[in-house]
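Asker: Attaching a predicted model along with its sequence, questions to come.
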Amino acid sequence: MISGSVSRRRLPPHTPARPHADGPDDWWSIHEGSCGFGYLDQGVASGWDVAAISDTCDDYSGSCGRCYEVKCDPASFNDGYGQWLDRSNVCRDPDRSVIVQVVDSCPCNYPTNAYSNRRWCCGDMYHLDLSTWAFEKLAEKKWGVIGLLVRQVDCGQGPSDPAPPPPDPTPFVSRISRPWGWRDR
């Protein structure tokens, strides 16, 4: 084994955020996100640990393909309509994290889903929609929304303390097979 010193740059602090679990009924929408990446292979890059960023976030512009380290934050907060949500005891392990890649957007003004998008995506708090696979590593899916700490990282970087697969993952049910002719990124 070779050892040596490694230059470590200081990462920015985590930003408090509020994620929403994206899915579970539409397992493949992450493959058709607004970034246009197409089918995402589970074993490539961040795999199915992906996110949609709110178009009201300060760093939204140019976010496609950007990676973030996310960890569950035991916190309480309001949704976009002022409903108080206590999520102070829902994290599997608040020290563990997941790297997600932005593949979609969460538009504040989305006419076909106006109530939900305004509830979560409209700028009162930094917001990411997390894929079911990423969300379940941080908390049980039944919570739907949790506190989150977020920071931008290089996509090749691994999590500082990787969250393990959940002990009780949502069963994978594919209503749509991998589209014929689609390429992995």
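Answerer: Yes, it's here.
Asker: May I have the phi/psi pair for the spatially most central residue of the chain?
Answerer: The centroid of the chain falls nearest to residue 130 when counting by Cα atoms, centre = their mean (2.9 Å). Per-residue torsions, residue 130: phi -100, psi 140 (degrees, to the nearest 10).
Asker: from what I can see it touches residue 46, true?
Answerer: No: counting by Cβ atoms under 8 Å, residue 130 does not reach residue 46; the two are 11.2 Å apart. (C-beta placed from N, C-alpha, C; glycine too.)
Asker: Overlap in contacts, those two.
Answerer: residue 100 (Cβ atoms under 8 Å, 6 or more residues apart in numbering).
Asker: coming back round to it: now the residue nearest to the centre of the chain: how far from residue 109?
Answerer: 21 Å (Cβ to Cβ, to the nearest Å).
Asker: And residue 141, by the same measure?
Answerer: Distance from residue 141 to residue 109, counting by Cβ to Cβ: 27 Å.
Asker: Can you pick out the residue with more neighbours from the two?
Answerer: Neighbour count, other Cβ atoms under 10 Å: between residue 141 and residue 109, residue 141 has more, with 15 against 11.
Asker: doesn't residue 131 make contact with the more buried one?
Answerer: No: taking contacts as Cβ under 8 Å, residue 141 lies outside contact range of residue 131: 11.0 Å.
Asker: Tell me which residues touch residue 60, please.
Answerer: By Cβ under 8 Å, 6+ apart, the contact list for residue 60 reads 53, 54, 105.
Asker: hey, where'd the strands end up in the chain?
Answerer: Secondary structure of the chain (DSSP state E): strands located at 15-22, 50-54, 67-73, 75-78, 84-87, 98-106, 127-131, 147-153.
Asker: among those strands, which gets the worst mean confidence?
Answerer: The weakest mean pLDDT among the strands of the chain belongs to strand 15-22, with a mean of 65.
Asker: No further questions, thank you.
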